[in-house]
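> Sequence and predicted structure are below.
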Amino acid sequence: MNSSVRCILGFCLFSLVSACQHGPISSESRGLDILDFHVSLTPDLQTGVVYGVQKIMIRLPKNHPETLSFTSGVITVTEVSINGHRVDTQLVDGQLVLPLVSTKKPKELIEITAKYSSKPVRGYTADKSTLYTEYFSCDWMICQQENFGDKATVTLELNLPKKMESIGPGKLLGSKWLPNGLHQSTWRSELAYSPYLYAFAFGDFVTVKQKSGSVSLKYMSTVVDEDALLHLFAPTADMLSFFEEKAGTPFPHEEYTQLYVEGRSAQEAVSHSVIGEASLELILTDPKEDWVIAHELAHQWWGNGVTCTDISEFWLNEGITTFMVAAWKEHRWGYAAYERELQFAKKRYQRAIDAGMDVPLAYDGKYPSLGIRRNIQYSKGAIFMDILRSELGDEAFWAGLRNYTIKNMGKTVSSPDLQSEFERESKMDLSSLFDEWVYGKAQ
Ligand SMILES: [Zn+2]
């Protein structure tokens, strides 16, 4: 695949992320900790409206703020209670604002219960029998869309008009008919994730199953048949083994599903990915065009498992993942394929340089465009990982990345977390390299 095609595909993936960079103050920074979401969702395929009943479990610090904000998006809340007491909500600057009761005990737990409806517009693709969501959870549930730093467990009940295959976060706990004639499937992630990774899908899918070690692989689609799915996703099992070895920690779920759809999708979620035809179909004529499978699968460790605290550290999600695609290609296709990926990254990074935007990786200012942000966080990030590999040598580099991944799986990270693991493993002082590439401190 040539560089311009890859750029278009990458834009699709990146545009989802960048559209959400402004929003509520991180709850974590204010000492609040969202622990668990429970969402019971009834989508109406005829009208495009979803109806939800939601519970949110939150731990409050003793001196907490008087209000709590959620991304309001397109959600209309009809009823909200805190610990069983009705409260009035307000819409302020596009945020749904709830009053918080004063807390006498440290680390008090509260439960918010809400009823709402919504007509999602972003990351929500539906026809008469199929629906899938990507990234914009705040369009169909109450959450803080871009608050990467506050991970929570989630239960999602999907109440569907008929018995259908579904995909949700984590594990399918069970399914049953409800008294109102709807069919309910319940998904649960016991591992905590950032809300942008909550996603679901349902439909009359064709499904193919394979295994990678103890992990069940599912390929699902309404677009192609079983044979095509097997052909398209053939590298998945080997990739999963490769990333497990490099991460030093196993794939975190019993099952990994890839949903193949029309269009250009390339979006990771808690335990599945949505992959568009235009992002993968070249693999049918050239098996080396496997980057999108590798990219979204690598996110299961770097991005989903080990997650940047906020958008300014997004290179830790995307730069490492982009680098890991190159590493997979070296493993599978040889060093020339690794070099080719790095050349793509260098070309794209050059665009940021040409635009006068060679900013450090952890830059927290505004970018002039989504493309430039991507040129830095994806491409410059991957190049920096390659430079670290050259500086440290393979043994210390891979040991450092493994330690960083094992230590931080399920947590959130910032750049010093990566630096300290590479320094510990290499016994080198990497401060000048990180100052130059990551923090932008004067030499
Ligand atoms: Zn990505």
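Nice, I can see it.

> for the stretch 51-200 of the chain, what are the low-confidence residue spans?
For the stretch 51-200 of the chain, applying pLDDT under 70 flags the ranges 102-104.

> For Leu109, see how far away Asp33 is.
Noted for Asp33: a distance of 10 Å to Leu109, by C-beta to C-beta, to the nearest Å. The way it works is simple: take the backbone N, C-alpha and C, and place the C-beta from them, glycine included.

> okay, stretch 389-401 in PDB with CA atoms only?
Coordinates of each C-alpha in stretch 389-401 appear next as PDB, following Å, rounded to 0.1, in the frame of the first residue of the first chain:
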ATOM      1  CA  ARG A 389      15.800   0.600  19.800                       C
ATOM      2  CA  SER A 390      19.000   1.700  18.000                       C
ATOM      3  CA  GLU A 391      20.300   3.400  21.100                       C
ATOM      4  CA  LEU A 392      19.600   0.700  23.600                       C
ATOM      5  CA  GLY A 393      20.100  -2.400  21.400                       C
ATOM      6  CA  ASP A 394      17.500  -5.100  20.900                       C
ATOM      7  CA  GLU A 395      18.000  -6.800  24.200                       C
ATOM      8  CA  ALA A 396      17.500  -3.800  26.500                       C
ATOM      9  CA  PHE A 397      14.900  -2.200  24.300                       C
ATOM     10  CA  TRP A 398      12.600  -5.200  24.200                       C
ATOM     11  CA  ALA A 399      13.100  -5.900  27.800                       C
ATOM     12  CA  GLY A 400      12.300  -2.300  28.700                       C
ATOM     13  CA  LEU A 401       9.100  -2.300  26.600                       C
END
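
> Flag every buried residue along that stretch.
By 16 or more other C-beta atoms under 10 Å, the buried positions in stretch 389-401 come out as Arg389, Leu392, Ala396, Phe397, Trp398, Ala399, Gly400, Leu401.

> Check stretch 148-164 too.
With burial defined by 16+ other C-beta under 10 Å, the residues of stretch 148-164 counted as buried are 148-160, 164.

> can you tell me which of those residues are in helices?
Counting by DSSP state H, these place none of their members in helices.

> Need these in CSV (columns: distance to Trp328).
Output for these, formatted as CSV (distance: C-beta to C-beta, whole Å):
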residue, distance to Trp328
Phe148, 25
Gly149, 28
Asp150, 31
Lys151, 26
Ala152, 30
Thr153, 30
Val154, 29
Thr155, 33
Leu156, 31
Glu157, 36
Leu158, 33
Asn159, 39
Leu160, 36
Met164, 33
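
> farthest pair in those residues?
Gly149 and Met164 (34.6 Å; C-beta to C-beta).

> what's Gln367 in contact with, if anything?
Just so we're on the same page, residue 367 is Tyr rather than Gln. Ser18, Met357, Val359, Arg373, Ile376 (C-beta atoms under 8 Å, 6 or more residues apart in numbering).

> go on, His331?
Counting by C-beta under 8 Å, 6+ apart, His331 has contacts Phe242.

> Per-residue pLDDT of it, please?
Note on His331: pLDDT of 98.

> My reading is that Leu217 is in a helix; is that accurate?
No: counting by DSSP: H, G, I helix; E, B strand; the rest coil, Leu217 is not part of a helix but strand.

> Would you check that it makes contact with Ala237?
Yes: using C-beta atoms under 8 Å, Leu217 is in contact with Ala237, at 6.3 Å.

> Name the residue in the two with the higher neighbour count.
Taking neighbours as other C-beta atoms under 10 Å, Leu217 and Ala237 compare with Leu217 leading, 19 against 16.

> in a strand, that's where Ala382 is, yeah?
No: the assignment for Ala382, made by three-state DSSP, is helix rather than a strand.

> Quickly note the distance from it to Leu259.
Taking C-beta to C-beta as the measure, Ala382 and Leu259 are separated by 26 Å.

> and Asp36, what does it touch?
Lys55, Ile56, Met57, Ala152, Thr153, Val154, Thr155 are the contacts of Asp36 under C-beta under 8 Å, 6+ apart.

> cool, and Pro99?
Residues near Pro99 by C-beta under 8 Å, 6+ apart: Glu66, Thr67, Val87, Asp88.

> In a markdown table: those residues, plus distance to Asp44 and secondary structure.
Formatted as a markdown table, the contacts of Pro99 follow (distance: C-beta to C-beta, whole Å; DSSP: H, G, I helix; E, B strand; the rest coil):
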| residue | distance to Asp44 | secondary structure |
| --- | --- | --- |
| Glu66 | 36 | coil |
| Thr67 | 32 | strand |
| Val87 | 27 | coil |
| Asp88 | 27 | coil |
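
> For the residues you listed, pick the one with the most neighbours.
Of all the contacts of Pro99, Val87 has the most neighbours under the rule other C-beta under 10 Å, reaching 15 neighbours.

> Nearest to Phe314 among the contacts of Tyr367?
Arg373 (8.2 Å).
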